[in-house]
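K.L.:
the following comprises the amino acid sequence and a computationally predicted model.
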Amino acid sequence: GIPDEMAVPLPTTKSFPSVRYRNEETRKRVLITGGAGFVGSHLVDKLMLDGHEIIALDNYFTGRKKNIEHWIGHPNFEMVHHDVVNPYFVEVDQIYHLASPASPPHYMYNPVKTIKTNTLGTINMLGLAKRVKATVLLASTSEVYGDPEVHPQPETYWGHVNTIGPRACYDEGKRVAESLMVAYNKQENVKIRIARIFNTFGPRMHMNDGRVVSNFIIQALQDKPITIYGNGTQTRSFQYVTDLVDGLIALMNSNYSLPVNIGNPEEHTIGEFATIIRDLVPGSTSEIVNQESQQDDPQQRRPDIRRAAEQIQWRPQVLMKDGLLKTIEYFRAEIDRNKRGGKP
Ligand code: UDP
């Protein structure tokens, strides 16, 4: 063994949030791919507090250890550095398959990798689910509707996607991921859940996420110009991350295997959104500027969430303004932390 004088003592005084006690019967073993990411880490929190055993998988392309560091060392939690493009072997009851870059600049950075993650990664998770008879939930996306010609978008709409556009790696990647889910369900009896996630925001979004909420908040906090791509008449509908997490868990624990939209139907133009955010950052002197529009940018997006209400009794609870205030506080603290060179 290691001589005593060489053994480095580990800090032992870490305290954890208290988690619910569960017996073997109701405690689930849950795999979360993308578990150190923005959505994944909030899902880790909720399921850990609820007393389940969690294995979080991440390749740290956009996920960060900091998002889950408060659980490291907890007996119910395991963090694994792994890329879902490669097979992974484990025994679990449920798989939340969230791994994929999700913001346009991140998924366009390496489109081939985005496609591999969503196709090979999904095949690997479905193969795992088949072997261990786990239920697998796919984090799909409103992007499967492309630049929609039906408004708001119900799950029955097939979408309007450019197969050769800059968004195709993500849109088509998720579309084939949905097809893979359905094929494994039909052919191999794998239990599947498909969540079509609409725009989501909240604490732990990446500083360089590049999506509209984080961009506008960071710009407003730093008194930099708020950059609207195009004329700002395009619309989005934003949900707060805890609502999304509640929806994912409700869907997983239902027995509904068709796609379900998870999003908040409160819709705003991006122009309105710039003003809303600036007004929520007291004293911000940011001006609002228009930049070149982005190719294939969906012009309108709002979920029809009647199916979620009927099938999984879910609807969003958090007001956009309340969520935005929490997110602004998060980024304010992050900006301060970065100024101190990343120290807490
Ligand atoms: N957008 C913008 N300024 C930014 C970032 C995004 O005007 O700094 C626009 C973008 O063109 C799109 C909308 O905001 O119309 C939402 O973009 P985001 O990247 O957040 O997500 P998407 O819904 O397009 O995936």
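P.N.:
Cool, the structure landed. Numbering: from 1, shown residues only.
K.L.:
can you pull the contacts of residue 226?
P.N.:
If you count contacts by Cβ atoms under 8 Å, 6 or more residues apart in numbering, residue 226 has them with 215-216, 219-220, 274, 277-278, 286-289. The way it works is simple: take the backbone N, C-alpha and C, and place the C-beta from them, glycine included.
K.L.:
in helices, which of those fall?
P.N.:
Here DSSP state H is the test, and the contacts of residue 226 give 215-216, 219-220, 274, 277-278 as lying in helices.
K.L.:
that older thread, mind putting the contacts of residue 226 in JSON lines, distance to residue 58 included?
P.N.:
Formatted as JSON lines, these follow (distance: Cβ to Cβ, whole Å):
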{"residue": "215", "distance to residue 58": "24"}
{"residue": "216", "distance to residue 58": "27"}
{"residue": "219", "distance to residue 58": "28"}
{"residue": "220", "distance to residue 58": "30"}
{"residue": "274", "distance to residue 58": "32"}
{"residue": "277", "distance to residue 58": "29"}
{"residue": "278", "distance to residue 58": "34"}
{"residue": "286", "distance to residue 58": "33"}
{"residue": "287", "distance to residue 58": "38"}
{"residue": "288", "distance to residue 58": "36"}
{"residue": "289", "distance to residue 58": "35"}
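K.L.:
any idea how far the least confident helix or strand in the chain by mean pLDDT is from the middle of the chain?
P.N.:
Within the chain, no helix or strand scores below helix 104-109, which has a mean of 94 by mean pLDDT, DSSP states H and E. Its chain's average C-alpha position is 15 Å from that of helix 104-109, according to Cα atoms, centre = their mean, to the nearest Å.
K.L.:
kindly report the same for stretch 291-311.
P.N.:
Worked out by Cα atoms, centre = their mean, stretch 291-311 lies 16 Å from the chain centre.
K.L.:
ok, is it in contact with the ligand or not?
P.N.:
Yes. Applying Cβ under 6 Å from any ligand atom, one finds stretch 291-311 touching the ligand at 294, 297.
K.L.:
ends of that stretch, what's the gap?
P.N.:
From its first residue to its last, stretch 291-311 covers 41 Å (Cα to Cα, to the nearest Å).
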